[in-house]
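S.K.: Here is a sequence with its predicted model. Questions after.
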Amino acid sequence: MAGKYIEMYYALFGISKNNPVPINPEQFASSVLGLNLKMLPLCSDGHILGLTVFQRCSFTATLGDGTKLLEVFMPRDIVIDSSLAADRCTGCRNFTIAHETAHQILADQFPNDYGKAVMCRGHIAYRERNGQPSWEEWQADTLAAELLMPTFLINAEIERVALTLPNGILYKSVSDPNYEKILEMAQRIGVSWSAIRIRLQQMQVIRGKPIHCHPLDIMRFGE
């Protein structure tokens, strides 16, 4: 499913898979799917990162000073919490946009089944920080990851940075040059460290969790 939509995006912007580039999720949402992306303060405590709307509805946001903001949302609106506008939040912002876009794709592809899942949520699907896991949220997370980090793009980035992980071992340490290479990959793709780490683990490039203590660190401490 992700491959189909990536091909649509690449065709629209004249991009070749021989020279792949990351999807801009905001551009993808508006140009390929006709979604309306908005950025508003969704809540005062930051637990709601984004939402996507399937039917016309109202939403009340409470600001930090207690002010209540009433907004009317229309079908195919995607709303991202304005706290994610900062540059340091690029990875989380991009994944949230892709996640909410994934909800819309799934609703388009499976209107009879998926519609029932969101009806009980007031015609809105949320992306919450540390929210309760559910089948619909797992689907949206998985599709979002495939849109932002398709295998062919990750493989091209691995080749570009000359990433080599003997036995699939990664040290979460500046002493391991591969750690910096993966951070560079994440920045180029526009995702967080956690997102690309999970993707590389799924692809079995990294085996297990990153090890914090690098052999060179041990030597330095020994000195």
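M.R.: Arrived safely, thanks for sending.
S.K.: Break down this structure into its strands, ranges please.
M.R.: Listed in chain order, the strands of the chain (DSSP state E) span 36-40, 48-53, 57-62, 68-73, 77-81, 124-128.
S.K.: Which positions within the fourth one qualify as buried?
M.R.: Read it as strand 68-73. Neighbour counts using 16 or more other CB atoms under 10 Å place residue 73 of strand 68-73 among the buried residues. (C-beta placed from N, C-alpha, C; glycine too.)
S.K.: Give me the contact list for that strand.
M.R.: Outside strand 68-73, the residues within contact range by CB atoms under 8 Å, 6 or more residues apart in numbering are 40-41, 53, 56-63, 79, 124.
S.K.: Residue nearest the middle of this protein, spatially speaking?
M.R.: Residue closest to the mean C-alpha point of the chain, counted by CA atoms, centre = their mean, is residue 95 at 1.8 Å.
S.K.: correct me, but residue 26 touches residue 37?
M.R.: Yes. The criterion here is CB atoms under 8 Å, and residue 26 meets it with residue 37 at 5.7 Å.
S.K.: how distant is stretch 101-110 from the center of its chain?
M.R.: How far stretch 101-110 lies from its chain's middle: 15 Å, per CA atoms, centre = their mean, to the nearest Å.
S.K.: Other residues contacting it?
M.R.: With contacts defined as CB under 8 Å, 6+ apart, stretch 101-110 is touched by 1, 5, 25, 28-29, 33, 35, 52, 54, 76, 78, 114-115, 118, 125, 136, 139-141, 143-144, 147.
S.K.: hang on, the earlier thing: and the buried ones among the contacts of strand 68-73, selectable in ChimeraX?
M.R.: Buried residues within the contacts of strand 68-73, by 16+ other CB under 10 Å, are selected in ChimeraX with:
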select :41,53,59,61,79,124
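S.K.: farthest pair in the contacts of strand 68-73?
M.R.: 56 and 63 (23.3 Å; CB to CB).
S.K.: pull the longest helix from this protein.
M.R.: Longest helix of the chain, by residue count under DSSP state H: helix 90-109.
S.K.: pLDDT on that one, on average?
M.R.: For helix 90-109, mean pLDDT is 93.
S.K.: gap between that helix and the chain center?
M.R.: Centre-to-centre, helix 90-109 and its host chain are 7 Å apart (CA atoms, centre = their mean).
S.K.: What residues sit buried inside that helix?
M.R.: Using 16+ other CB under 10 Å as the test for burial, helix 90-109 gives 90-107.
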